[in-house]
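In: Quick one, fold the following:
(one chain, ligands or ions: 1)
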Amino acid sequence: MDNKIVREKFAELFGTAGDLYFSPGRVNLIGEHTDYNGGFVLPGAIDKGMLAEIKPNGKNIIRAFAVDLNEYSEFGMNEEDAPKESWARYIFGVVREIIKRGGKVEGFDTAFSGDVPLGAGLSSSAALESTFAFALNEIFNLGIDKFELAKIGQATEHNYCGVKCGIMDQFASVFGKEGHLIRLDCRSLEYEYVPFDPKGYKVVLIDSVVKHELASSAYNKRRESCEAVVAAIKKRHPEVELLRDADMKMLDEVKNEVSAEDYRRAEYVIEEIQRLLDACDALEKGDYKTVGEKMYGTHYGMSKLYEVSCEELDYLNDVARECGVTGSRVMGGGFGGCTINLVPEDKYDNFITTAVKGFTQKFGKEPKVYPVKIGAGSRKL
Ligand code: GAF
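Out: You can find the predicted model right below:
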């Protein structure tokens, strides 16, 4: 990422330099919509993210400049000071969540910029939250641990941005490690770094350029469906707290008590948690064929049961299959964004050419191609 543009803008607006902090976006190999159900995920931080220059200003206000949008916002730190710009609410939310936890944040100036494509399902918002949570923790010596930093980002989404997300994106952003995926148990937050260097394969994202809008309530509705099914199962099985605790037998017992739609949603989640565990076993053995089959399984489930895919993403998935791609699926929350593809090296060029050409002809717009590089998590530069 180019620091220069942030440096220049910061100097122009605020004078003497501050410190630079960076947090990445993420990919997720498998395990989608499992995080808020207490299941597992397998994300990795990427080499793209958000970069912010920050310096305390000795006042009780935050002065922020979004370089990519060429927008400025100035706001206080009390609950009633929420800024109107949606991007500024992420910063405000992080500050408020730190204050709620007893952290003493003072006013600061900042300019920031990012190279995570927005709305592509790569967690640009988590990257932004993590950048500020991590930076403010260091700058004001707050002593908050990394788990809590991730939770601060998640709470920002819940309480200031209207998305009842799980913990995956913020966790991956804060804890990312170069060359490794993170096998995360989203209930206990126990995690393990899994080396990821699939020899003979390339991992590539194809961006459908359909912008997803998580807060458009469809995401929150999926979560509500899962909770409704848990409530039904709990009447018979009080120990079930989350879908993670349920199995298909329990789900079938309540088939007539939940809507057909909610049943399908829960079916997907229960299967997806198992798919992830199977994929992790396969990964350990270097069995990429099985990992790939599981990825296709996820796509099917996200498309037909969870219903978070779209025509463009289904098309990209079909082309992947036709081109002999080992695994392919819609990645992240869905409703647009990217597919993640595990591609044998010798099939790569043909896949990319065929997908880009076919997609452009069919939809009249060109998809974007992002080769994946697994990078490190939140840091000071
Ligand atoms: C979005 C959310 F923010 C995550 O918490 C997760 O639920 C994901 O969608 C789907 O797996 O990125």
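In: okay, now N78: neighbour count?
Out: Residues lying near N78 (other Cβ atoms under 10 Å) number 10. Where C-beta positions appear, they are placed from N, C-alpha and C, glycine not excepted.
In: Tell me the buried residues in stretch 127-139?
Out: Judged by neighbour count (16 or more other Cβ atoms under 10 Å), stretch 127-139 contains these buried residues: 127-137, 139.
In: does any part of it sit near the ligand?
Out: No. Stretch 127-139 is not in contact with the ligand by Cβ under 6 Å from any ligand atom; minimum separation 10.6 Å.
In: Stretch 316-331 too?
Out: No. Residues of stretch 316-331 contacting the ligand under Cβ under 6 Å from any ligand atom: none, with a closest distance of 8.4 Å.
In: Give me the contacts around that stretch.
Out: Identification of contacts with stretch 316-331 by Cβ atoms under 8 Å, 6 or more residues apart in numbering yields 27-28, 30, 32, 121, 201, 205-206, 208, 288-289, 291-296, 298-299, 302-303, 308-309, 313, 337-344, 347, 350-351, 354-355, 358-359, 367.
In: out of the residues you listed, which are buried?
Out: For those, a burial check counting by 16+ other Cβ under 10 Å picks out 27-28, 30, 32, 121, 201, 205-206, 208, 288, 291-296, 298-299, 302-303, 308-309, 313, 337-344, 347, 351, 355, 358-359, 367.
In: How about the residues of the stretch 101-250 of the chain by the ligand?
Out: Contact residues, the stretch 101-250 of the chain versus the ligand (Cβ under 6 Å from any ligand atom): 123, 165-166, 168-169.
In: What segments of this protein are helices?
Out: Here the chain has its helices, by DSSP state H, at 3-14, 86-100, 124-139, 146-160, 168-175, 218-236, 248-253, 260-284, 288-300, 311-322, 345-363.
In: Domain-wise, how is this protein divided?
Out: Per automatic domain parsing, the domain ranges recorded for the chain read 3-197, 201-371.
In: of all those domains, which gets the most neighbours per residue?
Out: Ranked by mean neighbour count, these are led by domain 3-197 with a mean of 21 (mean count of other Cβ atoms under 10 Å).
In: Where does the stretch 201-350 of the chain get nearest to the ligand, residue-wise?
Out: For the stretch 201-350 of the chain, the nearest residue to the ligand under the criterion Cβ to the nearest ligand atom is G333, separated by 3.2 Å.
In: now what about stretch 140-148, what contacts it?
Out: 56, 98, 101, 103-106, 133, 136-137, 152, 174-175, 189, 378.
In: Can you get me the start-to-end distance on it?
Out: Terminal residues of stretch 140-148 lie 16 Å apart, using Cα to Cα, to the nearest Å.
In: Reformat the helices of the chain into TSV and put mean pLDDT next to each item.
Out: Converted to TSV, the helices of the chain look like this (pLDDT from 0 to 100):
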stretch	mean pLDDT
helix 3-14	96
helix 86-100	97
helix 124-139	98
helix 146-160	98
helix 168-175	98
helix 218-236	97
helix 248-253	98
helix 260-284	97
helix 288-300	98
helix 311-322	98
helix 345-363	98
